[in-house]
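Asks: Got a predicted model here, sequence first, then my questions.
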Amino acid sequence: MKEQIDEIRKDMELAEQRTGEKVSLVAVTKMRSVQMIKELRHYGVLDIGENKVQELVEKAPHLPKDLRIHFIGHLQRNKVRQVVPMVDLIHSVDSIRLAKEIDKQAERIGKRQEILVQINLAREESKFGFYEEEIKQAMNDMQSLEHLDIRGFMMMAPYGLPDEKLKRLFSQAKLIFDYYCKNGYNNSRISILSMGMSDDYRQALESGSNMIRIGSRIFE
């Protein structure tokens, strides 16, 4: 595990040197034990990502309090009430109806919930997220939701794309991210572009990602 994390960190450091911007690593801990998650702390990994609500509910009470918990999977509206009290950042806000429910549940417990807007630039029917032409309206619709703190965007690229097409998609996401960074949005602190997983994180870093979500490359 240490060797894998060290290798990933070297790639992150190269990206940081190139851009002057800090890169964050989220360890994807689905189907990993609490003990394995605690072991990550020994290597300085304090951000973990869960994508199943039931698994999150079972683990969260046993996790060290200094961990930042990310929810990275598809979130159903009827599960939001469980998730909001437990997580620091929700990566997968893929509809206005979901955003409104998160806002409602955050208000209920007196919290301003940090979220990322999930975008689907490849227009994959098997994946969730806003298409490019829907992003502006979605961002506008979220302006009135006072208990959301929109921190940026998340994207999942299609599997098996050639490098050239992969980088083109990641670069397209970076342009959208840069636009909202420069233009500001609803007093939110847009600063996170979450893209890149075990198989494509290097291409994502080269294209400007500043948050990568790595699971199998760490644990296997």
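Replies: Perfect, thanks for sending it. Since the structure is predicted, the reported quantities are computational estimates derived from the model, not experimental observations.

Asks: which intervals of the chain have sub-threshold pLDDT?
Replies: Flagging of the chain using pLDDT under 70 yields the residue ranges 184-188.

Asks: Please, where are all the helices along it?
Replies: With DSSP state H, the ranges of helices along the chain come out as 2-19, 34-42, 53-59, 80-83, 96-108, 132-141, 163-183, 201-207, 216-219.

Asks: Nearest to residue 70, out of those?
Replies: When these are compared by C-beta to C-beta, helix 53-59 sits nearest residue 70, at 10.0 Å. (Each C-beta comes from the backbone N, C-alpha and C, glycine too.)

Asks: ok, and what's touching that closest one?
Replies: 29-31, 34, 37, 50, 69, 71, 73, 75-76, 79, 82-83, 86-87 (C-beta atoms under 8 Å, 6 or more residues apart in numbering).

Asks: List the buried residues in it.
Replies: By 16 or more other C-beta atoms under 10 Å, the buried positions in helix 53-59 come out as 53, 56, 59.

Asks: distance of the first one from residue 124?
Replies: Right, the one you point to is residue 53. 23 Å (C-beta to C-beta, to the nearest Å).

Asks: and if you look at residue 59?
Replies: 29 Å.

Asks: hmm, back to that, residue 190 is nearest to which of the helices of the chain?
Replies: Closest to residue 190 of the helices of the chain is helix 163-183 (C-beta to C-beta; 5.0 Å).

Asks: need the contact list for the residue nearest in space to the middle of the chain.
Replies: In the chain, the centroid-proximal residue (C-alpha atoms, centre = their mean) is residue 91; its distance is 3.8 Å. Going by C-beta under 8 Å, 6+ apart, residue 91 touches 49, 70-72, 115-116, 118, 154, 194, 213.
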